[in-house]
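Trainee: predicted model follows, preceded by the sequence.
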Amino acid sequence: MKKLLALFLVVVTAGGMVFADGYGRYGTPEGQWNFRGNRLYQNDVKAPRAKAWLSVPQNGSMVYEFTMRYEGGGEDGHGGVGIHILSDTAPKGKSWGMSDSWLLWLNYDENPSSKSIPTGLSAQVYKSDSNSKMEIVDSVSLKYAEPLLLANLYADIPVKLTFLSERGRLLIADPSGQTAGWYVDLPGASGAKADFVAVRTNGMAVSFASQDVKL
């Protein structure tokens, strides 16, 4: 079996995090971002497109690894959190998408407005083509995991995503450790190169951390 020679990268929420200044086409960046200890917090529970991005060269197979923790705002029955990977540029100001990139998204919605979004807890993969255009590539219900999530609502959730460049495939580790995880193929992503990643939220407060970073 051919051994995969991968460039491993831990995406950290520290040095290099960029917060855009001034106005972009859609206004100023959203969210209330700040560091406390070794954690990055997004505190605005109303911001629908809050993003913070990091300049990270991505070339070849990659591992994105960090933790995230719910901090509040889901009382209205709606909220989401995720990460953009393989982004070619960072947005200036407010944006819906993030240039040419892929968004891995964890969503909770008791009354989704789209038939493509399952009710309750779910996960989506979006293809972002520009700062204003994204489309769903895949969507799956995670309703079976809601009791486990509620029991650990304020715990750190480990996130580990492995991008296999030669195949354009993303491996998603099961944070509970109960299964081998999942995978999704990213059409056209084979051999992709990029310069930015971003964490983002929708309608709730979330914090992010890496155990390798001390501020």
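Mentor: Nice, I can see it. Residues are numbered from 1 along each chain as shown.

Trainee: test of understanding: give the bridge partners of the residue nearest to the spatial centre of the chain.
Mentor: When Cα atoms, centre = their mean is applied to the chain, the residue found nearest the centroid is Ile83 (1.5 Å). Bridge pairing for Ile83 (DSSP bridges) gives the partners Leu104, Val199.

Trainee: isn't it right next to Val206, touching?
Mentor: No. With contact defined as Cβ atoms under 8 Å, Ile83 does not reach Val206; the gap is 11.1 Å. No exception for glycine: its C-beta is placed from N, CA and C like everyone else's.

Trainee: okay, and the common contacts of those two?
Mentor: Val199 (Cβ atoms under 8 Å, 6 or more residues apart in numbering).

Trainee: what count of nearby residues applies to Asn152?
Mentor: Neighbour count of Asn152, defined by other Cβ atoms under 10 Å: 14.

Trainee: any idea how far the residue lying closest to Ser190 once chain neighbours are set aside is from Ala198?
Mentor: Using Cβ to Cβ, 6 or more residues apart in numbering and skipping the chain neighbours, the partner closest in space to Ser190 is Gly168 (3.6 Å). Using Cβ to Cβ, to the nearest Å, we find Gly168 at a distance of 20 Å from Ala198.

Trainee: can you pull out the helices in this structure?
Mentor: 146-151 (DSSP state H).

Trainee: so where do the strands sit in it?
Mentor: Ranges of strands in the chain, per DSSP state E, are 17-18, 33-36, 39-42, 50-59, 62-72, 78-87, 101-109, 120-130, 133-141, 157-164, 169-172, 182-185, 193-202, 205-209.

Trainee: which stretch in the ones you listed has the least confidence?
Mentor: In terms of average pLDDT, strand 17-18 trails the rest of the strands of the chain, at a mean of 52.

Trainee: contact partners for Asp129?
Mentor: Shown in contact with Asp129 (Cβ under 8 Å, 6+ apart): Gly97, Asp100, Glu135.

Trainee: follow-up on the earlier one: now the strands of the chain in CSV, with distance to Leu148?
Mentor: Putting those into CSV (distance: least, Cβ to Cβ, whole Å) gives the following:
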stretch, distance to Leu148
strand 17-18, 30
strand 33-36, 27
strand 39-42, 23
strand 50-59, 26
strand 62-72, 13
strand 78-87, 17
strand 101-109, 13
strand 120-130, 10
strand 133-141, 14
strand 157-164, 11
strand 169-172, 16
strand 182-185, 16
strand 193-202, 21
strand 205-209, 18
